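Engineer: Okay, here's the prediction I keep looking at, along with the sequence it came from:
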Amino acid sequence: MKMITAILITIVFVVISFYTVMYVALIISSYIENGERKYRSRTTHMEESKELGVFVKELNFKVDSFSGKLYNFHPYIEKGYKYGKFLSTGIKPLTNSKFPYQFGFNEVPQRSISIAMRKEELEKFDSANNSTGYLKLPQLPDTITLNITLYPHDHGIIKVW
């Protein structure tokens, strides 16, 4: 009886281990193609952009109708990039992209403050996903408006040019 229990436990362990390894391999393969990450990345801070060598320029901005503090908010344009081979920290600038530049800004380090781009603002870019604007040239096509929310009651906008 003990022998049968030991065999069943071993079989269960092997099956669970197999599915765990396959799941991890599936996740990694969905992000990596030919040893490189498939998707472009973006920084969350201007200093990070400078450290990675993808920073292009800082943009001007003005805050309207907001009484809260934005701390270290800075909008900027950077070159698009992917991380290098096999999840290394090295980066690979995008070379075959129609939209080699992207808009970014320092993310505010407080959970109570949210800064988000309006959906109609994304249409001003040459291309965009649901949160990032991509550019053919390192310049904004028009003034971009961001919404600021300080939970629970304060709201405002940031105009970036």
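Structural biologist: Thanks, I have the structure now. Quick caveat, the model's predicted, so the values are computed rather than measured.
Engineer: now the lengthiest helix in the chain, how far from the centre of its chain.
Structural biologist: Ranked by residue count and defined by DSSP state H, the top helix of the chain is helix 2-31. Between the centre of helix 2-31 and the centre of its host chain there is 33 Å, according to CA atoms, centre = their mean, to the nearest Å.
Engineer: And for stretch 45-53?
Structural biologist: For stretch 45-53, the separation from the chain centroid amounts to 14 Å (computed by CA atoms, centre = their mean).
Engineer: again with stretch 70-90
Structural biologist: Centre-to-centre, stretch 70-90 and its host chain are 8 Å apart (CA atoms, centre = their mean).
Engineer: List the buried residues of that stretch.
Structural biologist: L70, F73, P75, Y76, I77, E78, K79, G80, Y81, Y83 (16 or more other CB atoms under 10 Å). The way it works is simple: take the backbone N, C-alpha and C, and place the C-beta from them, glycine included.
Engineer: S49: what's it in contact with?
Structural biologist: Residues near S49 by CB atoms under 8 Å, 6 or more residues apart in numbering: T43, F55, Y76, E78, G104.
Engineer: where do the strands sit along the protein?
Structural biologist: Along the chain, counting by DSSP state E, strands occupy 32-33, 36-37, 55-58, 61-64, 75-79, 81-83, 91-93, 101-105, 113-117, 127-128, 133-135, 144-150, 154-160.
Engineer: Just name the most buried of those.
Structural biologist: Of all the strands of the chain, strand 101-105 carries the top mean neighbour count, a mean of 24, counting by mean count of other CB atoms under 10 Å.
Engineer: okay, the angle between it and strand 113-117?
Structural biologist: Angle, strand 101-105 to strand 113-117, by axes from the mean of the first three to the mean of the last three CA atoms, to 10 degrees: 160 degrees.
Engineer: which helices and strands does strand 101-105 pack with?
Structural biologist: Counting contacts by 3 or more CB pairs under 8 Å, 6 or more residues apart in numbering; DSSP states H and E, strand 101-105 is packed against helix 46-52, strand 75-79, strand 133-135.
Engineer: No more questions from me, cheers.
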